[in-house]
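**Q** attaching a predicted model along with its sequence, questions to come.
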Amino acid sequence: MNYQDYMNYHNISDEKFELLKKVNTKIGLDKTLHVIFVYCPPKLGSTSLVSSIRLSASHIFKVLHVHDEQMLKILTGIEGVTIQEIIDFNVFLEKKVYVIDIYREPIERKMSEFFGKIASYHFNVTNRRIESYSLPRIIKRFNQIFTHIGEGDYYLEKYRDIITYPPPHFDFVTKYISHKEGKNLIYIKLRLRDSNKWGEILSTLLRTEITIIRDYERKNLPLADLYQKFKDNYILPINFVDYLRNDRRLSFYLTPDERKEYIQRWSNITEQAFQSFSDNEYKIYSMITDENQSRIDIESEHYFDDGCICRECSKMRRLVLRQIKHGVKPTSRLSHYVITIKPKQIQQEIPQQVPQQVPQQVPQQVPQQVPQQVPRPIYIIPTPQKQQPNNPTIVMKLRTSRFHR
(Lines give C-alpha, C1' and ligand atoms only; values in the text may rest on other atoms or scores of the structure.)
Protein backbone atom coordinates (compact mmCIF):
# COMPACT_ATOMS: atom_id res chain seq x y z
CA MET A 1 0.00 0.00 0.00
CA ASN A 2 1.49 3.35 -1.02
CA TYR A 3 1.33 6.54 1.00
CA GLN A 4 -1.78 7.98 -0.62
CA ASP A 5 -3.69 4.70 -0.47
CA TYR A 6 -2.85 4.37 3.22
CA MET A 7 -3.98 7.92 3.96
CA ASN A 8 -7.25 7.45 2.11
CA TYR A 9 -8.03 3.95 3.39
CA HIS A 10 -7.56 4.88 7.04
CA ASN A 11 -8.77 8.46 6.66
CA ILE A 12 -5.48 9.85 7.99
CA SER A 13 -4.64 13.55 7.71
CA ASP A 14 -1.11 14.87 7.21
CA GLU A 15 -1.14 16.11 10.79
CA LYS A 16 -2.16 12.67 12.09
CA PHE A 17 0.58 11.05 10.00
CA GLU A 18 3.21 13.30 11.62
CA LEU A 19 1.74 12.55 15.04
CA LEU A 20 2.00 8.81 14.38
CA LYS A 21 5.66 9.23 13.43
CA LYS A 22 6.20 11.05 16.71
CA VAL A 23 4.41 8.30 18.66
CA ASN A 24 6.53 5.62 17.01
CA THR A 25 9.70 7.42 18.04
CA LYS A 26 8.41 8.03 21.56
CA ILE A 27 7.63 4.37 22.22
CA GLY A 28 10.73 3.05 20.47
CA LEU A 29 9.14 1.49 17.39
CA ASP A 30 11.15 3.55 14.90
CA LYS A 31 14.30 1.41 15.16
CA THR A 32 12.90 -2.09 14.69
CA LEU A 33 11.36 -4.14 11.91
CA HIS A 34 9.52 -6.61 14.19
CA VAL A 35 6.89 -5.39 16.66
CA ILE A 36 4.72 -7.26 19.16
CA PHE A 37 1.71 -5.51 20.69
CA VAL A 38 0.49 -7.31 23.80
CA TYR A 39 -2.79 -5.43 23.63
CA CYS A 40 -5.29 -6.83 26.12
CA PRO A 41 -7.22 -5.99 29.31
CA PRO A 42 -5.32 -6.07 32.63
CA LYS A 43 -4.92 -9.08 34.93
CA LEU A 44 -4.80 -11.77 32.28
CA GLY A 45 -1.20 -12.92 32.77
CA SER A 46 0.08 -10.52 30.12
CA THR A 47 3.05 -9.31 32.20
CA SER A 48 4.53 -12.81 32.23
CA LEU A 49 4.03 -13.00 28.48
CA VAL A 50 5.75 -9.65 27.88
CA SER A 51 8.76 -10.46 30.10
CA SER A 52 9.11 -13.92 28.54
CA ILE A 53 9.27 -12.60 24.97
CA ARG A 54 11.66 -9.82 25.98
CA LEU A 55 13.90 -12.26 27.82
CA SER A 56 14.02 -14.65 24.88
CA ALA A 57 13.89 -12.38 21.84
CA SER A 58 14.63 -8.72 22.61
CA HIS A 59 17.31 -8.90 19.92
CA ILE A 60 14.51 -9.50 17.38
CA PHE A 61 11.27 -7.97 18.66
CA LYS A 62 10.25 -4.71 20.26
CA VAL A 63 7.43 -5.57 22.67
CA LEU A 64 4.81 -2.96 23.57
CA HIS A 65 2.43 -3.76 26.45
CA VAL A 66 -0.69 -1.61 26.56
CA HIS A 67 -4.25 -1.95 27.87
CA ASP A 68 -5.94 1.13 26.42
CA GLU A 69 -5.44 4.66 25.16
CA GLN A 70 -5.56 6.11 28.68
CA MET A 71 -2.58 3.98 29.67
CA LEU A 72 -0.78 5.04 26.48
CA LYS A 73 -1.40 8.70 27.31
CA ILE A 74 -0.15 8.39 30.89
CA LEU A 75 3.00 6.49 29.88
CA THR A 76 3.95 8.64 26.89
CA GLY A 77 2.10 11.94 27.34
CA ILE A 78 0.66 11.51 23.84
CA GLU A 79 -3.03 11.58 23.00
CA GLY A 80 -5.12 11.84 19.88
CA VAL A 81 -4.19 8.43 18.44
CA THR A 82 -5.65 4.98 18.98
CA ILE A 83 -3.70 1.78 19.45
CA GLN A 84 -5.27 0.39 16.28
CA GLU A 85 -3.93 3.42 14.38
CA ILE A 86 -0.43 2.73 15.72
CA ILE A 87 -0.76 -0.90 14.61
CA ASP A 88 -1.93 0.15 11.12
CA PHE A 89 0.88 2.70 10.83
CA ASN A 90 3.58 0.12 11.53
CA VAL A 91 2.02 -2.32 9.07
CA PHE A 92 2.13 0.50 6.48
CA LEU A 93 5.85 0.90 7.24
CA GLU A 94 6.17 -2.79 6.25
CA LYS A 95 7.16 -3.98 9.70
CA LYS A 96 6.23 -7.48 10.84
CA VAL A 97 3.52 -6.89 13.45
CA TYR A 98 1.99 -9.33 15.94
CA VAL A 99 -0.97 -8.44 18.19
CA ILE A 100 -1.63 -10.75 21.15
CA ASP A 101 -4.63 -11.09 23.49
CA ILE A 102 -5.29 -13.57 26.33
CA TYR A 103 -8.44 -15.17 27.70
CA ARG A 104 -8.90 -15.81 31.42
CA GLU A 105 -11.90 -17.43 33.13
CA PRO A 106 -14.37 -14.81 34.43
CA ILE A 107 -14.34 -15.17 38.23
CA GLU A 108 -10.55 -15.38 38.54
CA ARG A 109 -10.20 -12.42 36.20
CA LYS A 110 -12.70 -10.34 38.20
CA MET A 111 -10.98 -11.15 41.49
CA SER A 112 -7.55 -10.22 40.16
CA GLU A 113 -8.79 -6.99 38.58
CA PHE A 114 -10.64 -6.03 41.77
CA PHE A 115 -7.59 -6.58 43.98
CA GLY A 116 -5.34 -4.80 41.52
CA LYS A 117 -7.02 -1.52 42.52
CA ILE A 118 -8.78 -2.42 45.75
CA ALA A 119 -6.97 0.12 47.90
CA SER A 120 -6.20 3.02 45.57
CA TYR A 121 -9.44 2.93 43.57
CA HIS A 122 -12.29 0.96 45.10
CA PHE A 123 -11.74 2.18 48.69
CA ASN A 124 -9.27 5.05 48.10
CA VAL A 125 -7.10 4.15 51.09
CA THR A 126 -3.61 2.80 51.69
CA ASN A 127 -2.73 -0.87 51.58
CA ARG A 128 -2.19 -0.84 55.33
CA ARG A 129 -5.66 0.55 55.89
CA ILE A 130 -7.34 -1.97 53.59
CA GLU A 131 -5.74 -4.80 55.56
CA SER A 132 -7.70 -3.68 58.60
CA TYR A 133 -11.05 -3.98 56.79
CA SER A 134 -13.24 -6.97 57.54
CA LEU A 135 -13.54 -9.67 54.91
CA PRO A 136 -17.37 -9.36 54.69
CA ARG A 137 -16.97 -5.67 53.85
CA ILE A 138 -14.52 -6.45 51.02
CA ILE A 139 -16.67 -9.31 49.69
CA LYS A 140 -19.73 -7.07 49.67
CA ARG A 141 -17.98 -4.44 47.53
CA PHE A 142 -16.77 -7.14 45.15
CA ASN A 143 -20.29 -8.53 44.73
CA GLN A 144 -21.71 -5.05 44.18
CA ILE A 145 -19.54 -4.54 41.09
CA PHE A 146 -19.23 -8.22 40.07
CA THR A 147 -21.15 -7.96 36.80
CA HIS A 148 -19.34 -4.78 35.71
CA ILE A 149 -15.62 -5.56 36.11
CA GLY A 150 -13.47 -8.01 34.19
CA GLU A 151 -15.66 -7.68 31.14
CA GLY A 152 -14.90 -7.42 27.45
CA ASP A 153 -12.81 -9.36 24.96
CA TYR A 154 -10.32 -7.39 22.88
CA TYR A 155 -9.80 -10.11 20.28
CA LEU A 156 -13.47 -10.41 19.40
CA GLU A 157 -14.57 -6.87 20.23
CA LYS A 158 -11.64 -4.45 19.60
CA TYR A 159 -9.39 -5.93 16.92
CA ARG A 160 -10.90 -4.38 13.79
CA ASP A 161 -9.91 -7.12 11.37
CA ILE A 162 -11.20 -9.86 13.69
CA ILE A 163 -14.53 -8.07 14.06
CA THR A 164 -14.79 -8.06 10.27
CA TYR A 165 -13.85 -11.74 9.96
CA PRO A 166 -14.59 -13.40 13.34
CA PRO A 167 -13.31 -16.95 13.90
CA PRO A 168 -15.99 -19.64 14.15
CA HIS A 169 -14.48 -21.17 17.28
CA PHE A 170 -11.34 -21.46 19.36
CA ASP A 171 -8.82 -24.08 18.22
CA PHE A 172 -8.72 -26.55 21.12
CA VAL A 173 -6.06 -28.65 19.41
CA THR A 174 -3.38 -26.00 18.86
CA LYS A 175 -4.55 -24.04 21.97
CA TYR A 176 -4.55 -20.70 20.13
CA ILE A 177 -6.18 -18.71 17.35
CA SER A 178 -4.03 -17.08 14.70
CA HIS A 179 -5.42 -14.71 12.07
CA LYS A 180 -3.15 -13.30 9.36
CA GLU A 181 -4.18 -10.02 7.77
CA GLY A 182 -2.16 -9.24 4.67
CA LYS A 183 1.48 -10.25 4.68
CA ASN A 184 2.70 -8.35 7.75
CA LEU A 185 -0.03 -8.47 10.42
CA ILE A 186 -0.89 -11.47 12.63
CA TYR A 187 -3.47 -11.50 15.45
CA ILE A 188 -3.04 -14.16 18.15
CA LYS A 189 -5.36 -15.30 20.95
CA LEU A 190 -4.08 -17.44 23.85
CA ARG A 191 -5.68 -18.86 26.99
CA LEU A 192 -4.15 -18.35 30.42
CA ARG A 193 -5.05 -21.92 31.37
CA ASP A 194 -2.61 -23.07 28.64
CA SER A 195 0.30 -20.95 29.91
CA ASN A 196 2.41 -24.08 30.41
CA LYS A 197 2.28 -24.47 26.59
CA TRP A 198 2.94 -20.84 25.72
CA GLY A 199 6.64 -21.45 25.14
CA GLU A 200 5.92 -24.10 22.53
CA ILE A 201 3.09 -22.09 20.93
CA LEU A 202 5.01 -18.82 20.67
CA SER A 203 8.20 -20.52 19.50
CA THR A 204 6.18 -21.84 16.56
CA LEU A 205 4.35 -18.59 15.79
CA LEU A 206 7.33 -16.25 16.26
CA ARG A 207 9.84 -18.68 14.74
CA THR A 208 12.32 -18.31 17.56
CA GLU A 209 12.69 -20.09 20.89
CA ILE A 210 10.63 -18.50 23.67
CA THR A 211 11.21 -19.42 27.32
CA ILE A 212 8.27 -18.66 29.62
CA ILE A 213 8.79 -17.20 33.08
CA ARG A 214 6.33 -16.36 35.85
CA ASP A 215 6.24 -12.64 36.44
CA TYR A 216 4.17 -10.30 38.60
CA GLU A 217 2.12 -13.05 40.21
CA ARG A 218 -0.40 -11.89 42.81
CA LYS A 219 1.17 -14.10 45.49
CA ASN A 220 4.33 -11.99 45.26
CA LEU A 221 2.58 -8.61 45.38
CA PRO A 222 1.30 -6.35 48.17
CA LEU A 223 -1.88 -7.62 49.85
CA ALA A 224 -1.03 -11.18 48.79
CA ASP A 225 -2.15 -12.62 52.13
CA LEU A 226 -5.45 -10.73 52.03
CA TYR A 227 -6.02 -11.85 48.44
CA GLN A 228 -5.45 -15.49 49.36
CA LYS A 229 -7.77 -15.15 52.35
CA PHE A 230 -10.40 -13.61 50.09
CA LYS A 231 -10.18 -16.47 47.58
CA ASP A 232 -10.31 -19.11 50.31
CA ASN A 233 -13.46 -17.63 51.86
CA TYR A 234 -15.39 -16.34 48.87
CA ILE A 235 -18.68 -18.11 48.14
CA LEU A 236 -20.50 -17.37 44.91
CA PRO A 237 -24.05 -16.01 45.26
CA ILE A 238 -26.52 -18.41 43.70
CA ASN A 239 -27.71 -15.95 41.05
CA PHE A 240 -24.13 -15.49 39.80
CA VAL A 241 -24.16 -19.10 38.62
CA ASP A 242 -26.69 -18.07 35.97
CA TYR A 243 -24.25 -15.32 34.95
CA LEU A 244 -21.66 -18.02 34.23
CA ARG A 245 -24.10 -20.15 32.29
CA ASN A 246 -25.00 -17.18 30.09
CA ASP A 247 -21.41 -16.07 29.50
CA ARG A 248 -20.88 -16.45 25.75
CA ARG A 249 -17.10 -16.03 26.04
CA LEU A 250 -16.97 -18.96 28.42
CA SER A 251 -18.74 -21.03 25.78
CA PHE A 252 -16.41 -19.81 23.02
CA TYR A 253 -13.03 -20.32 24.72
CA LEU A 254 -13.74 -23.51 26.71
CA THR A 255 -14.66 -26.92 25.44
CA PRO A 256 -18.04 -28.26 26.61
CA ASP A 257 -16.29 -30.44 29.19
CA GLU A 258 -14.08 -27.57 30.42
CA ARG A 259 -17.08 -25.28 30.71
CA LYS A 260 -19.13 -27.89 32.58
CA GLU A 261 -16.30 -28.55 35.03
CA TYR A 262 -15.74 -24.81 35.62
CA ILE A 263 -19.40 -24.03 36.33
CA GLN A 264 -19.73 -27.11 38.53
CA ARG A 265 -16.71 -26.12 40.61
CA TRP A 266 -18.16 -22.71 41.43
CA SER A 267 -21.74 -23.90 41.96
CA ASN A 268 -20.87 -26.69 44.42
CA ILE A 269 -21.11 -24.23 47.30
CA THR A 270 -23.21 -21.10 46.92
CA GLU A 271 -24.85 -18.56 49.16
CA GLN A 272 -28.01 -16.50 48.94
CA ALA A 273 -28.60 -14.28 45.94
CA PHE A 274 -26.96 -10.85 45.81
CA GLN A 275 -28.12 -7.83 43.83
CA SER A 276 -25.19 -6.11 42.09
CA PHE A 277 -25.23 -2.48 41.03
CA SER A 278 -27.43 -1.69 38.07
CA ASP A 279 -25.79 -0.09 35.03
CA ASN A 280 -26.83 3.36 36.20
CA GLU A 281 -25.67 2.73 39.77
CA TYR A 282 -22.30 1.51 38.52
CA LYS A 283 -21.90 4.65 36.40
CA ILE A 284 -22.41 6.79 39.48
CA TYR A 285 -20.03 4.55 41.47
CA SER A 286 -17.35 4.88 38.77
CA MET A 287 -17.79 8.64 38.50
CA ILE A 288 -17.40 9.18 42.24
CA THR A 289 -14.53 6.72 42.52
CA ASP A 290 -12.67 8.35 39.63
CA GLU A 291 -12.99 11.76 41.27
CA ASN A 292 -11.92 10.49 44.69
CA GLN A 293 -8.95 8.44 43.51
CA SER A 294 -5.84 9.99 45.03
CA ARG A 295 -3.29 8.10 42.92
CA ILE A 296 -3.56 6.46 39.52
CA ASP A 297 -2.29 2.91 39.19
CA ILE A 298 -0.27 2.57 36.00
CA GLU A 299 2.22 -0.20 36.51
CA SER A 300 5.02 0.81 34.17
CA GLU A 301 8.06 -0.58 35.99
CA HIS A 302 6.89 -3.96 37.22
CA TYR A 303 8.39 -6.21 34.56
CA PHE A 304 11.07 -8.78 35.19
CA ASP A 305 12.53 -7.67 31.84
CA ASP A 306 12.03 -4.07 30.74
CA GLY A 307 13.30 -4.77 27.23
CA CYS A 308 16.44 -2.61 27.23
CA ILE A 309 18.92 -3.83 24.60
CA CYS A 310 22.02 -1.95 25.72
CA ARG A 311 25.22 -3.95 25.98
CA GLU A 312 25.09 -4.49 29.74
CA CYS A 313 21.41 -5.55 29.74
CA SER A 314 21.89 -7.89 26.79
CA LYS A 315 24.83 -9.53 28.52
CA MET A 316 22.83 -9.99 31.73
CA ARG A 317 19.86 -11.29 29.70
CA ARG A 318 21.97 -14.11 28.27
CA LEU A 319 23.15 -15.04 31.76
CA VAL A 320 19.63 -15.00 33.24
CA LEU A 321 18.23 -17.05 30.37
CA ARG A 322 20.91 -19.68 31.00
CA GLN A 323 20.03 -19.71 34.70
CA ILE A 324 16.31 -20.19 34.01
CA LYS A 325 16.93 -23.01 31.53
CA HIS A 326 19.01 -24.82 34.16
CA GLY A 327 16.39 -24.35 36.86
CA VAL A 328 18.36 -21.69 38.73
CA LYS A 329 16.56 -18.70 40.22
CA PRO A 330 17.65 -15.53 38.37
CA THR A 331 20.09 -13.34 40.23
CA SER A 332 18.76 -10.03 38.91
CA ARG A 333 15.80 -8.30 37.27
CA LEU A 334 16.55 -7.27 33.72
CA SER A 335 16.09 -3.58 34.32
CA HIS A 336 18.49 -1.00 32.92
CA TYR A 337 18.20 0.96 36.17
CA VAL A 338 18.95 -2.09 38.33
CA ILE A 339 21.81 -3.32 36.16
CA THR A 340 23.64 -0.10 35.27
CA ILE A 341 22.41 3.03 37.02
CA LYS A 342 21.62 1.87 40.56
CA PRO A 343 25.03 0.23 41.19
CA LYS A 344 26.73 3.49 40.20
CA GLN A 345 24.47 5.50 42.51
CA ILE A 346 25.13 3.11 45.37
CA GLN A 347 28.86 3.40 44.71
CA GLN A 348 28.60 7.20 44.81
CA GLU A 349 26.63 7.07 48.05
CA ILE A 350 29.28 4.99 49.80
CA PRO A 351 31.64 7.40 51.56
CA GLN A 352 35.21 7.08 50.48
CA GLN A 353 36.96 5.10 53.13
CA VAL A 354 39.97 6.97 54.44
CA PRO A 355 42.61 4.50 55.48
CA GLN A 356 42.84 4.53 59.24
CA GLN A 357 46.10 5.98 60.32
CA VAL A 358 47.75 3.69 62.75
CA PRO A 359 49.84 5.73 65.17
CA GLN A 360 53.43 5.02 64.54
CA GLN A 361 55.10 3.27 67.34
CA VAL A 362 58.10 5.18 68.48
CA PRO A 363 60.81 2.67 69.04
CA GLN A 364 62.25 2.69 72.50
CA GLN A 365 65.46 4.55 72.68
CA VAL A 366 68.14 2.02 73.07
CA PRO A 367 71.22 3.67 74.45
CA GLN A 368 73.72 3.78 71.71
CA GLN A 369 76.48 1.43 72.44
CA VAL A 370 79.78 3.06 71.99
CA PRO A 371 82.14 0.53 70.60
CA GLN A 372 84.75 -0.29 73.10
CA GLN A 373 88.16 0.97 72.29
CA VAL A 374 90.24 -2.00 71.52
CA PRO A 375 93.69 -1.26 72.67
CA ARG A 376 95.95 -1.04 69.80
CA PRO A 377 98.48 -3.75 69.78
CA ILE A 378 101.97 -2.70 70.24
CA TYR A 379 104.50 -4.34 68.15
CA ILE A 380 108.08 -4.28 69.17
CA ILE A 381 110.12 -4.01 66.11
CA PRO A 382 113.68 -4.40 66.63
CA THR A 383 115.66 -1.71 64.91
CA PRO A 384 119.18 -2.47 64.42
CA GLN A 385 121.46 0.28 65.55
CA LYS A 386 124.88 0.96 64.61
CA GLN A 387 127.01 -1.19 66.60
CA GLN A 388 129.20 0.59 68.91
CA PRO A 389 132.46 -0.78 69.18
CA ASN A 390 132.77 -3.14 72.01
CA ASN A 391 129.04 -2.60 73.00
CA PRO A 392 126.64 -5.52 72.28
CA THR A 393 123.50 -3.75 73.51
CA ILE A 394 120.54 -3.50 71.07
CA VAL A 395 118.31 -0.46 71.32
CA MET A 396 114.51 -1.33 70.93
CA LYS A 397 112.05 1.11 69.15
CA LEU A 398 108.29 1.20 69.89
CA ARG A 399 106.08 1.46 66.77
CA THR A 400 102.27 1.46 66.33
CA SER A 401 100.83 -0.96 63.80
CA ARG A 402 99.78 0.74 60.56
CA PHE A 403 96.45 -1.09 60.72
CA HIS A 404 95.33 1.06 63.64
CA ARG A 405 96.50 4.42 62.46
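**A** Sure thing, it's come through.
**Q** where in the stretch 151-300 of the chain is pLDDT low?
**A** For the stretch 151-300 of the chain, applying pLDDT under 70 flags the ranges 215-220, 296-300.
**Q** what about the residue lying closest to residue 293 once chain neighbours are set aside, neighbour count?
**A** Leaving aside its chain neighbours, residue 293 sits nearest to residue 121 (5.5 Å; criterion: Cβ to Cβ, 6 or more residues apart in numbering). Where C-beta positions appear, they are placed from N, C-alpha and C, glycine not excepted. Using other Cβ atoms under 10 Å, residue 121 has 18 neighbouring residues.
**Q** I'd guessed residue 176 sits against residue 190; true?
**A** Yes - at 5.4 Å, residue 176 counts as touching residue 190 under the criterion of Cβ atoms under 8 Å.
**Q** between these two, which contacts overlap?
**A** Residues within reach of residue 176 and of residue 190 at once, by Cβ atoms under 8 Å, 6 or more residues apart in numbering, are residue 201.
**Q** neighbour-wise, which of these two wins?
**A** Under the criterion of other Cβ under 10 Å, the comparison of residue 176 against residue 190 puts residue 190 first, with 26 against 20.
**Q** the strands in the stretch 151-300 of the chain, which residues?
**A** Secondary structure of the stretch 151-300 of the chain (DSSP state E, counting those that start in this stretch): strands at 177-181, 185-191, 236-237, 270-271.
**Q** is it true that residue 316 touches residue 332?
**A** Yes - the criterion here is Cβ under 8 Å, and residue 316 meets it with residue 332 at 6.2 Å.
**Q** more crowded one of the two?
**A** Comparing residue 316 with residue 332 by other Cβ under 10 Å, the one with more neighbours is residue 316, at 23 against 12.
**Q** residue contacts, that one?
**A** Here residue 316 is in contact with 332, 334, 339 (Cβ under 8 Å, 6+ apart).
**Q** for it, give its distance to residue 305.
**A** 10 Å (Cβ to Cβ, to the nearest Å).
**Q** any common contacting residues for these two?
**A** What both residue 316 and residue 305 touch, as defined by Cβ under 8 Å, 6+ apart, is the set residue 334.
**Q** for the stretch 301-405 of the chain, which spans come out with low pLDDT?
**A** In the stretch 301-405 of the chain (pLDDT under 70), the answer is 301, 331, 341-405.
**Q** joint contacts of residue 316 and residue 332?
**A** Common contacts of residue 316 and residue 332 (Cβ under 8 Å, 6+ apart): residue 339.
**Q** from what I see, residue 212 and residue 198 are in contact.
**A** Yes - assessed by Cβ under 8 Å, residue 212 is found in contact with residue 198 at 5.0 Å.
**Q** what residues go with each domain of the chain?
**A** Per automatic domain parsing, the structural domains of the chain span 3-234+277-307, 308-342.
**Q** columns distance to residue 266 on top of the ones you listed, output as a markdown table?
**A** Output for the domains of the chain, formatted as a markdown table (distance: least, Cβ to Cβ, whole Å):
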| stretch | distance to residue 266 |
| --- | --- |
| domain 3-234+277-307 | 6 |
| domain 308-342 | 34 |
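**Q** ranking the ones you listed by burial, who's on top?
**A** Mean neighbours per residue, mean count of other Cβ atoms under 10 Å, is largest over the domains of the chain for domain 3-234+277-307, with a mean of 17.
**Q** JSON lines for the strands of the stretch 151-300 of the chain, including distance to residue 69?
**A** Formatted as JSON lines, those follow (distance: least, Cβ to Cβ, whole Å):
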{"stretch": "strand 177-181", "distance to residue 69": "21"}
{"stretch": "strand 185-191", "distance to residue 69": "19"}
{"stretch": "strand 236-237", "distance to residue 69": "33"}
{"stretch": "strand 270-271", "distance to residue 69": "38"}
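**Q** minimum distance to residue 168: which of these has it?
**A** Closest to residue 168 of the strands of the stretch 151-300 of the chain, according to Cβ to Cβ: strand 177-181, at 10.1 Å.
**Q** residue 250 is nearest to which of the domains of the chain?
**A** Proximity to residue 250 (Cβ to Cβ) singles out domain 3-234+277-307 among the domains of the chain, at 6.5 Å.
**Q** dihedrals phi and psi, residue 39?
**A** According to degrees, to the nearest 10, the main-chain angles of residue 39 amount to phi -110, psi 100.
**Q** my bad, should have said residue 293
**A** Dihedral angles (degrees, to the nearest 10) for residue 293: phi -60, psi 120.
**Q** and what of residue 41?
**A** According to degrees, to the nearest 10, residue 41 has phi -70, psi 160.
**Q** residue 235 now?
**A** Torsion angles, degrees, to the nearest 10, at residue 235: phi -120, psi 130.
**Q** any idea what sits nearest it, other than its immediate chain neighbours?
**A** Spatial nearest neighbour of residue 235, chain neighbours left out: residue 271 (4.6 Å); criterion: Cβ to Cβ, 6+ apart.
**Q** and for residue 240?
**A** residue 146 (6.5 Å).
**Q** contact partners for the one you found?
**A** With Cβ under 8 Å, 6+ apart, residue 146 has these contacts: 110, 240, 243, 274, 276.
**Q** let's see if you can find the most crowded of those.
**A** Comparing the contacts of residue 146 by number of neighbours (other Cβ under 10 Å), residue 240 comes first, having 22 neighbours.
**Q** give me every residue that touches that one.
**A** Contact analysis of residue 240 by Cβ under 8 Å, 6+ apart lists 146, 270, 274.
**Q** residue 307 too?
**A** Shown in contact with residue 307 (Cβ under 8 Å, 6+ apart): 54, 58, 62, 63.
**Q** how does it look with 10 Å?
**A** The contact partners of residue 307, taken as Cβ atoms under 10 Å, 6 or more residues apart in numbering, are 28, 50-51, 53-55, 58, 61-65, 313, 317, 334-336.
**Q** wait, residue 324 sits on residue 211?
**A** Yes - using Cβ atoms under 10 Å, residue 324 makes contact with residue 211 at a distance of 6.0 Å.
**Q** what touches both of the two?
**A** Common contact partners of residue 324 and residue 211 (Cβ under 10 Å, 6+ apart): 52, 55, 56.
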